[in-house]
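1. no sequence on hand, only this structure:
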């Protein structure tokens with residue numbers, strides 16, 4: 001009975017094993033599942049063409065944004081320029097204080113190189129003084145520079161008017177040493193259209209600016225110079241390409257000193273020399289200057305000045321590149 005039961009139990013176990021099985025899993029199933037998954041991924045993954053198109057779209061958008069930004073900047077710059085131009089035109093039209101009216105007569109600057117032992121220089125000086133009386137002291141601005149030492153080798157303790165700085169100015173213009181020697185409206189080696197003009201024609205040249213000022217002695221024995229300039233309304237275009245410098249010269253008058261003279265019977269005199277160059281006050285070629293700005297400065301008198309009350313200051317406005325004198329003014333020290 002027991003044996004039968006045991007046998008029955010073994011058969012039951014065997015039946016169960018046969019029914020449910022203990023077979024190995026099918027290795028092909030995971031591969032099939034992986035294929036399905038790969039297909040799904042490939043389906044969801046964008047193609048290379050789609051990626052390229054997307055990239056192009058992004059680049060196109062960036063370019064468009066960049067172009068738009070550049071156009072906006074250009075537009076802003078254009079508007080800014082337009083505003084500045086309108087403002088400038090408005091100021092020029094409405095303001096009557098920024099410019100002086102055109103002048104009928106342009107000052108002429110005349111520089112003469114001379115010497116005390118020059119027999120023919122006094123004749124030239126007399127002609128110069130006649131021109132100054134004819135055209136007016138402020139319209140015919142004259143300076144005498146004793147530039148050659150050999151024409152001032154005087155005996156004893158006589159007053160010598162030779163000036164080393166005057167010699168330097170002459171070397172800027174020419175290598176000649178003979179006297180007298182004179183030039184109009186220039187201090188450099190330039191060939192100006194003015195060289196071919198007569199004095200009367202020079203005066204017809206348009207004036208550059210209106211220069212008002214004064215030179216006064218102060219309590220300390222120094223000279224105080226104050227200037228105010230206005231550009232002539234008709235000279236706006238002319239001045240655009242000019243680099244304006246202002247040069248200040250101090251001259252002395254009524255200096256009693258020896259002078260040889262071919263027209264005097266004794267061949268020599270002791271005249272009062274006029275408009276004698278003493279020194280530059282602000283450097284050999286002056287300083288940059290913007291027309292329209294007020295100028296105020298205090299200067300010491302040079303050591304070679306004997307009487308400050310006999311002095312005057314010449315204001316020269318130069319084009320710095322060629323040393324052409326664009327305009328000039330003269331102020332007596334008071």
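-> Good, I have the coordinates. For clarity, every value in this text was computed on a predicted model and none was experimentally measured.
2. shaky segments in the stretch 101-250 of the chain?
-> Counting by pLDDT under 70, the stretch 101-250 of the chain has low-confidence residues at 104, 191-196.
3. quick check, central residue of the chain?
-> Against the mean C-alpha coordinate of the chain, by Cα atoms, centre = their mean, the closest residue is residue 243 at 6.2 Å.
4. what's the neighbour count on the closest residue to that residue other than its chain neighbours?
-> Excluding its sequence neighbours, the residue lying closest to residue 243 (Cβ to Cβ, 6 or more residues apart in numbering) is residue 320, at 4.3 Å. Placement of C-beta: from N, CA and C, glycine included. For residue 320, the neighbour count with other Cβ atoms under 10 Å is 16.
5. one more: residue 74?
-> So residue 74, with other Cβ under 10 Å, has 10 neighbours.
6. so it, which of the three states?
-> Classification of residue 74 by DSSP: H, G, I helix; E, B strand; the rest coil places it in helix.
7. ok, it to residue 322 distance?
-> Distance of residue 74 to residue 322, given as Cβ to Cβ, to the nearest Å: 40 Å.
8. residue 283 too?
-> Using Cβ to Cβ, residue 283 is found at 18 Å from residue 322.
9. swap in residue 291?
-> 18 Å.
10. more neighbours: which of these two?
-> residue 291 (21 against 15).
11. so that one is in which element?
-> Counting by DSSP states H and E, no helix or strand carries residue 291.
12. wait, isn't it in contact with residue 239?
-> Yes: counting by Cβ atoms under 8 Å, residue 291 touches residue 239, with 7.1 Å between them.
13. quick one, what contacts residue 290?
-> Residues in contact with residue 290 (Cβ atoms under 8 Å, 6 or more residues apart in numbering) are residue 244.
14. pLDDT wise, what is it at?
-> Here, the pLDDT recorded for residue 290 equals 95.
15. hey, where'd the helices end up in the stretch 151-300 of the chain?
-> 164-173, 199-202, 236-239 (DSSP state H, counting those that start in this stretch).
16. to residue 252, which of those lies closest?
-> Among those, the nearest to residue 252 by Cβ to Cβ is helix 164-173 (12.7 Å).
17. now do that closest one: which elements does it pack against?
-> Applying 3 or more Cβ pairs under 8 Å, 6 or more residues apart in numbering; DSSP states H and E, one finds that helix 164-173 contacts strand 108-114, strand 140-146, strand 276-280.
18. report the buried residues of it.
-> Buried residues in helix 164-173, defined by neighbour count with 16 or more other Cβ atoms under 10 Å: 165-167, 169-170, 173.
19. ok, now stretch 322-334?
-> 323-331, 333.
20. pLDDT and distance to residue 277 for the residues you listed - can I get that in JSON lines?
-> Formatted as JSON lines, the buried residues of stretch 322-334 follow (pLDDT from 0 to 100; distance: Cβ to Cβ, whole Å):
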{"residue": "323", "pLDDT": "94", "distance to residue 277": "16"}
{"residue": "324", "pLDDT": "93", "distance to residue 277": "19"}
{"residue": "325", "pLDDT": "94", "distance to residue 277": "14"}
{"residue": "326", "pLDDT": "94", "distance to residue 277": "20"}
{"residue": "327", "pLDDT": "95", "distance to residue 277": "19"}
{"residue": "328", "pLDDT": "96", "distance to residue 277": "14"}
{"residue": "329", "pLDDT": "96", "distance to residue 277": "16"}
{"residue": "330", "pLDDT": "97", "distance to residue 277": "13"}
{"residue": "331", "pLDDT": "97", "distance to residue 277": "16"}
{"residue": "333", "pLDDT": "97", "distance to residue 277": "15"}
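21. what is the nearest of the residues you listed to residue 108?
-> Closest approach to residue 108 among the buried residues of stretch 322-334 (Cβ to Cβ): residue 328, at 8.0 Å.
22. now do the helix or strand harbouring the closest one: which elements does it pack against?
-> Residue 328 is part of strand 324-332, with elements assigned from DSSP H and E. Judged by 3+ Cβ pairs under 8 Å, 6+ apart, strand 324-332 is in contact with strand 140-146, strand 209-217, strand 311-319.
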